[in-house]
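**Student:** just a sequence and a predicted model for now, questions to come.
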Amino acid sequence: MLPKTAIYTILISLTLILGGIWASDHLSFLPAVASTNAPIYDELFKVLFVIGTILFVGMTALVVYSLIHFRKKPGETGDGLPIEDNLPLEILWTAIPAIVILFVGLYSYDIYERMGGMQTLNHSHNNESEMVHQRLWGGIGSAKQETESLQSIPVLNIELTAMQFAFLFNYPEGEIISGELHVPLGQPVSMRMESKDVIHAFWVPEFRLKQDVIPGQPTILNFTPTKAGRYPIICAELCGPYHGGMRSTVVVEQPEEYQSWFQKNAKQPEIEL
Amino acid sequence: MSFSIQQENTQKEPNLQPTGWFRYFSFSLDHKVIGLQYLVCGFIFYLIGGSLASAIRIELVSPISDFMPREIYNQILTLHGTIMIFLWIVPVVNGAFGNYLIPFYVGARDMAFPRLNAVAFWLIPPAGLMLISSYFINGAAQSGWTAYPPLSITTPAAGQIVWIISVLLLGGSSIFGGINFIATILKLRRPGLKLMQLPMYCWAMLGTSILVVLSTPVLAGTLILLSFDIVAHTGFFNPALGGNVIVYQHLFWFYSHPAVYIMVLPAFGLVSEILPIHSRKPLFGYTTMVYSIMGIVVLGLIVWAHHMFTSGTPPWMRLFFTIATAFIAVPTGIKFFNWVATLWGGRISINSAILFSCGFIVNFVLGGITGVALAQVPFDVHVHDTYFVVAHFHYIVYGGSVFVIFSSIYHWYPKFTGKMLNEKLGKLHFIITFIGFNLCFAPQHWLGLNGMPRRVAEYDPQFALVNQISSIGALLMALSTLPFLFNVIYSAIKGEEAGDNPWQALTPEWLTSSPPPVENWVGEAPLVTKPYGYGEEEHKNDEPTNNELQSL
Ligand code: HEM
Ligand SMILES: [Cu+2]
Ligand SMILES: [Cu+2]
């Protein structure tokens, strides 16, 4: 009797696990991967998805099975067995979730570390003195692998100003102000973000990155684009009637294309009046 | 047994209570009348909040903003959220069922402070009417139910101030209620009734009331400061005047995260009452159930900043709040396993009450899983403020609390009225609700992951199809209230007589007539020390189980 139950339990659990893994490989739940942070994020998503599917399908199956198998048959009266508790069982189902949670927590900490969330932001924005009395709140740093391998590439500094209902990008070097974000493929970007009025948020789903843009409190977001293309920039914080329309585009292009865009728009030093 | 000690409050309020149907429209002090007043009033607000939800979903059928002006969309969104939370779920799972059941469960004839109780209820209708009328007078608040500054400071002031005053009144009502529940559970227990013999809903309400009393005043204080910023141009939260917008978020979520547990803990308690009766088995794991409630209370108070992972929190803080949040899954998980163990091996009657309760288990498990995922900072960074979050919290508040409210109505209606609800209509109601709910909210997970932010009247056309599916689900949910409404009204008039105890339940409210007399019992209140003793008589001669140990 007991071995049979055990075998069923193992078989069902195995099916669930394999099913979950299959589903996470074959169903697409996320948009394109376009930054160094995105593939790391997707690893975590996969793990959470597998664990979540197992739990959800398992619990649902238990409930449905109970409702069918233990339903009162016609004409049946009387009660079930007066079982009030079972300490070993209760310890088991406290301990297992606790271990799973701890595992998920530590794993996602590792992911976060690799995404650059725990490091002090290595923004190379000028004006160090300003930083002393102005607290800069981190968005997320650059992904770790990138800081190690791409250390030689200089960081591109961009300043973002958000206002009702637009994003403005300022390239201090060329004194460009643009409504569209242009970034070269493969170069780390450090973006300093300020809001003129209410709270906005900068979100690029393909980068898996989001950071609020907070009035009175500049924030920084670092990222490295890894796939050429045009991706939406979305305001994700309710900022007024036209919040839904507050969108822009990030254009990730080959370094040469980026250079020509930059040249075309940059203020030429010799034309100075 | 000592049946002699009588309750004080029996003598204090002698027969002031009106009788007959009109007492439901009067300033009654009877906890049962007040409970039903909460329930009916809450349901009316639910219909209003639901109509607003339908308006939102109609707007979202097409990707452009065409059904209503954008300001109105934000007003409706704000009203919907505020009404559903403060005028429907919180008053009903706490006020309605708490008032109706707690005095029975502790063996009292009324709540500890009957007048305060009536005041707590009567704050609600004016606050709700005021909130809604602001829409017609000068435009309702439009900064979302979170009212984040500086948006709430810069949008038209009149609506925002009305919003603040209504929420303050509703918060006051909730605090009065909380104090009353704590006093009733701790002080009015019938002599001989130990804390660990109380029905689980008492524990849930004790935990909830602790949360209410600790966190609601913080919200009140915060909103008062916000109103100063709006009308007196102080600068607590206004960055233009040196204020800090993040401080508001910390204070706001210090209340509003626990508010989620204020909405679901009582629901957990109600399910713990319903499942044993209809599966004819004792509630499994009483002791761990009690500890897990207290665990949820403690953890619930220290996780608020998980709503602020993208707004401006230092890395260590994100780490702390991730771990603390995720760990709530442990006590919550215990409760779910215990409920399944309660069903396991039972003799389950498949009726509307148990279907809604089991629907709750399934929906809430999914909401809980996405909750644990959201607790992970890197995961949250992508989906925060998107439709993924909208899906998550509706699985919690609708799939959780609303399913339980319906389950409870099917279960206690015979007690309230002496009549049975029609089971066929009840099952129809369940099926439409369950399908509509999942059709409406499940696809929203995908929307959020793929780039649809929340609180928007217009969106990228690639999301149109999925939004339309979601709106069809919402339509089904709206339709599902029809069989319910018909059932409730029809059965009150023509329903089958229920008798006093149609479920052969052992909890104290069933050991009196249906509906119960004004002071709950004619004569002495029964002393119920084993509210879940199902199957004990019948299996007395089986091999000894551990319940001998239990009753020591
Ligand atoms: C009757 C079925 C319901 C439907 C179809 C529905 C639908 C919606 C929709 C479409 C939104 C807008 C999402 C957004 O853009 O952020 C929303 C927001 C919201 N809903 Fe519901 N909802 C329902 C029930 C409930 C219930 C029972 C609650 C209980 C607490 C609730 C609480 C909220 C809250 C708090 C918001 C956020 C409002 C805000 O962003 O300020 N809803 N709902
Ligand atoms: Cu914005
Ligand atoms: Cu916005």
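**Tutor:** Nice, I can see it. Just so we're clear, the structure is a prediction, and the values are computed from it rather than from any experiment. Numbering: from 1, shown residues only, chains lettered A, B, ... in the order given. Ligands and ions are numbered 1, 2, ... in the order given.
**Student:** show me where pLDDT drops low in the stretch 151-273 of chain A?
**Tutor:** The model of the stretch 151-273 of chain A has pLDDT under 70 over residues A:151-152, A:268-273.
**Student:** next to ligand 3 in this structure, residues from it, please.
**Tutor:** Residues of the stretch 151-273 of chain A lying close to ligand 3 by CB under 5 Å from the ion are A:Cys235, A:Cys239, A:His243, A:Met246. Where you see a C-beta, it was placed from the backbone N, CA and C, and this is true even at glycine.
**Student:** closest one of the residues you listed to B:Leu47?
**Tutor:** Taking CB to CB as the measure, B:Leu47 sits nearest to A:His243 out of those, at 28.0 Å.
**Student:** is it true that that closest one touches B:Glu458?
**Tutor:** No - with contact defined as CB atoms under 8 Å, A:His243 does not count as touching B:Glu458 (9.3 Å).
**Student:** what's the neighbour count on B:Phe336?
**Tutor:** A count of nearby residues for B:Phe336, using other CB atoms under 10 Å in any protein chain shown, gives 23.
**Student:** over to B:Val340?
**Tutor:** Neighbours of B:Val340 under the rule other CB under 10 Å: 19.
**Student:** in what helix or strand does the residue nearest to B:Ile323 when sequence neighbours are not counted lie?
**Tutor:** Ranked by CB to CB, 6 or more residues apart in numbering or on different chains and with sequence neighbours excluded, the top spatial neighbour of B:Ile323 is A:Gly105, at 5.0 Å. For A:Gly105, the element it lies in under DSSP states H and E is helix A:87-114.
**Student:** just give me the neighbour total for residue 207.
**Tutor:** By default, I'm working from chain A. Other residues near A:Phe207 come to 29 when the count uses other CB under 10 Å.
**Student:** let me rephrase: I mean chain B.
**Tutor:** Here the number of neighbours of B:Gly207 (other CB under 10 Å) works out to 25.
**Student:** where's it relative to ligand 2, distance?
**Tutor:** B:Gly207 sits 38 Å away from ligand 2, going by CB to the ion, to the nearest Å.
**Student:** which helix or strand contains that residue?
**Tutor:** helix B:200-231.
**Student:** mind listing what's buried in that helix?
**Tutor:** Residues of helix B:200-231 classed as buried: B:200-213, B:215-216, B:218-220, B:222-223, B:225-227, B:229-230 (neighbour count, 16 or more other CB atoms under 10 Å in any protein chain shown).
**Student:** where are the low-confidence patches of the stretch 1-150 of chain A?
**Tutor:** A:1-6, A:9, A:13, A:16, A:20-21, A:23-27, A:118-150.
**Student:** the residue of the stretch 101-250 of chain A found nearest ligand 1: neighbour count?
**Tutor:** Nearest residue of the stretch 101-250 of chain A to ligand 1 (CB to the nearest ligand atom) works out as A:Leu238 at 7.0 Å. By other CB under 10 Å, 26 other residues sit near A:Leu238.
**Student:** make sure it is indeed in a strand.
**Tutor:** No - per DSSP: H, G, I helix; E, B strand; the rest coil, A:Leu238 lies outside any strand segment and is coil.
**Student:** I'd say it and B:Thr155 touch.
**Tutor:** No - between A:Leu238 and B:Thr155 there is no contact under CB under 8 Å: 10.3 Å.
**Student:** residues shared between the contacts of those two?
**Tutor:** Common neighbours of A:Leu238 and B:Thr155, using CB atoms under 8 Å, 6 or more residues apart in numbering or on different chains, are B:Ser143.
**Student:** can you pull the contacts of the residue of the stretch 201-350 of chain B found nearest chain A?
**Tutor:** Per CB to the nearest CB, the residue of the stretch 201-350 of chain B with the smallest distance to chain A is B:Pro239, at 3.1 Å. For B:Pro239, the contacting residues are A:Ile214, A:Pro215, A:Gly216, A:Gln217, B:Pro150, B:Val245, by CB under 8 Å, 6+ apart.
**Student:** which ones among the residues you listed are found in strands?
**Tutor:** Counted as lying in strands by DSSP state E, out of the contacts of B:Pro239, is not a single one.
**Student:** biggest separation within those, which pair?
**Tutor:** Put simply, by CB to CB the two of those set farthest apart are A:Gln217 and B:Pro150, 11.7 Å from each other.
**Student:** tell me which of those two has more neighbours.
**Tutor:** Per other CB under 10 Å, whichever of A:Gln217 and B:Pro150 has more neighbours is B:Pro150, with 25 against 21.
**Student:** wait, what's in contact with the residue in the stretch 151-300 of chain B that ligand 1 sits nearest to?
**Tutor:** Residue nearest to ligand 1 within the stretch 151-300 of chain B: B:Met263 (6.5 Å; CB to the nearest ligand atom). Applying CB under 8 Å, 6+ apart to B:Met263 gives the contacts B:Ile85, B:Ile89, B:Val90, B:Val93, B:Ile396, B:Val397, B:Gly400, B:Ser401.
**Student:** with adjacent residues omitted, what lies nearest to the fifth one?
**Tutor:** Leaving aside its sequence neighbours, B:Ile396 sits nearest to B:Gly367 (CB to CB, 6+ apart; 4.2 Å).
**Student:** how about the secondary structure of B:Ile302?
**Tutor:** Judged by three-state DSSP, the three-state class of B:Ile302 is coil.
**Student:** nope, B:Tyr148 is what I was after
**Tutor:** Going by three-state DSSP, the secondary structure assigned to B:Tyr148 is coil.
**Student:** so what's the residue count around it?
**Tutor:** Neighbourhood size, B:Tyr148 [other CB under 10 Å]: 22.
**Student:** residues contacting it?
**Tutor:** Each residue near B:Tyr148 by CB under 8 Å, 6+ apart is listed here: A:Val198, A:Ile199, A:Glu237, A:Leu238, B:Val245, B:Tyr248, B:Gln249, B:Phe252.
**Student:** show the pLDDT at the fifth one.
**Tutor:** This means B:Val245. Looking at B:Val245, its pLDDT is 91.
**Student:** now do the contacts for residue 252.
**Tutor:** I'll assume chain A. By CB under 8 Å, 6+ apart, the contact list for A:Val252 reads A:Ala34, A:Val183, A:Pro184, A:Leu185, A:Pro225, A:Lys227, A:Ala228, A:Gly229, A:Arg230, A:Tyr231.
**Student:** let me rephrase: I mean chain B.
**Tutor:** Contacts of B:Phe252 by CB under 8 Å, 6+ apart are B:Thr146, B:Ala147, B:Tyr148, B:Leu219, B:Thr222.
**Student:** with pLDDT added, can I get those in TSV?
**Tutor:** TSV is the format used below for the contacts of B:Phe252 (pLDDT from 0 to 100):
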residue	pLDDT
B:Thr146	94
B:Ala147	94
B:Tyr148	94
B:Leu219	94
B:Thr222	95
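**Student:** biggest separation within those, which pair?
**Tutor:** Spatial extent of these (CB to CB) is set by the pair B:Tyr148 and B:Leu219 at 13.7 Å.
**Student:** more neighbours, A:His243 and B:Glu458?
**Tutor:** Ranked by neighbour count (other CB under 10 Å), A:His243 and B:Glu458 place A:His243 first, with 26 against 19.
**Student:** residue contacts, that one?
**Tutor:** A:His243 makes contacts with A:Phe165, A:Cys235, A:Glu237, B:Asn74, B:Arg455, B:Val456, as judged by CB under 8 Å, 6+ apart.
**Student:** same deal with B:Thr332?
**Tutor:** By CB under 8 Å, 6+ apart, B:Thr332 lies in contact with B:Ser292, B:Ile296, B:Gly368.
**Student:** show the pLDDT at it.
**Tutor:** Per-residue confidence (pLDDT) for B:Thr332: 93.
**Student:** that one: which element?
**Tutor:** Per DSSP H and E, B:Thr332 falls inside helix B:329-343.
**Student:** do the same with B:Thr287
**Tutor:** Using DSSP H and E, B:Thr287 sits in helix B:286-300.
**Student:** could you point out which element follows that helix?
**Tutor:** Per DSSP H and E, the first helix or strand lying C-terminal to helix B:286-300 is helix B:315-327.
**Student:** go ahead and name everything in contact with that next one.
**Tutor:** Under CB under 8 Å, 6+ apart, the answer for helix B:315-327 is A:98, A:101, A:104-105, A:108-109, A:112, A:117-118, A:138, B:299, B:302-306, B:309, B:313, B:371-372, B:375-377.
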